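S.K.: Okay, here's the prediction I keep looking at, along with the sequence it came from:
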Amino acid sequence: MKTILIGIGNPVLTDDAVGIKVAEQLSGFVDTRVLTTTGFDVIDAVLGYDRALIIDGVCAGAKPGTILELNTRELMADLEFSGTHNMHLGAALDLGYRLFGREMPSEIIIFAVEVQDVVNFSTHCTPAVEAAIPELVQRVRAVLEN
């Protein structure tokens with residue numbers, strides 16, 4: 001199964017870097033891309049793959065560091081689920097399926113980490129989000145191995 005792992009975030013915006021940090025730790029294990037937006041870049045990155053795993057920081061109202069695992073249906077149905085970027089990830093994926101149909105992956109899994117700070121500049125995540133990274137790497141790797 002042709003799989004891509006996408007880490008989304010800003011590497012210098014504290015917790016917004018969580019997707020990038022996880023993707024970097026798994027970069028030798030699978031095709032990996034790092035993106036700074038959730039719009040058309042995501043569609044372009046996943047085209048031609050059978051499966052995509054997307055990792056991003058989110059503001060969903062959970063405790064910081066909480067890991068959420070969603071599929072595209074859940075993400076597209078939850079209009080309140082908000083990433084930290086300009087275009088709702090669910091809207092981008094929905095658009096991709098409408099425009100490109102079968103070229104889009106048949107399976108997309110989103111791993112989202114509840115963020116605490118996405119306004120201050122830092123290359124380090126807050127302690128709660130940093131503590132979630134090892135578990136998230138392990139969970140993503142388990143999905144990749146199945």
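M.R.: Good, I have the coordinates. Residues are numbered from 1 along each chain as shown.
S.K.: Helix or strand for the residue nearest the centre of the chain, just tell me which one.
M.R.: Closest to where the C-alpha atoms of the chain average out (C-alpha atoms, centre = their mean) is I55, at 2.2 Å. In this assignment (DSSP states H and E), I55 forms part of strand 51-59.
S.K.: Would you indicate which residues of that strand are buried?
M.R.: Using 16 or more other C-beta atoms under 10 Å as the burial criterion, the residues of strand 51-59 that qualify are R51, A52, L53, I54, I55, D56, G57, V58, C59. Backbone N, C-alpha and C define where each C-beta goes, glycine included.
S.K.: What of stretch 112-119?
M.R.: Across stretch 112-119, burial judged by 16+ other C-beta under 10 Å covers A112, V113, E114, V115, Q116, D117, V118.
S.K.: Please name the strands paired to whichever strand or helix holds the second one in the sheet, noting orientation.
M.R.: Assigned by DSSP H and E, V113 belongs to strand 107-114. Take DSSP bridges as the rule and strand 107-114 pairs in its sheet with strand 51-59 (parallel), strand 67-71 (antiparallel).
S.K.: Could you tell me the least trusted of the ones you listed?
M.R.: Within the strands paired with strand 107-114, the stretch with the lowest mean pLDDT is strand 67-71, showing a mean of 90.
S.K.: Can you read off the pLDDT for A92?
M.R.: Note for A92: predicted pLDDT of 87.
S.K.: Where does T38 sit: helix, strand or coil?
M.R.: Three-state call for T38 (DSSP: H, G, I helix; E, B strand; the rest coil): coil.
S.K.: That one reaches D56, doesn't it?
M.R.: Yes: with contact defined as C-beta atoms under 8 Å, T38 reaches D56; the gap is 7.1 Å.
S.K.: Output the longest helix belonging to the protein.
M.R.: Counting residues, the longest helix in the chain under DSSP state H turns out to be helix 127-145.
S.K.: who's in contact with it?
M.R.: Contact partners of helix 127-145, identified using C-beta atoms under 8 Å, 6 or more residues apart in numbering, comprise 3, 5, 15, 18, 21-22, 25-26, 29-30, 53, 55, 57, 63-67, 69, 109, 111, 113-116, 124-125.
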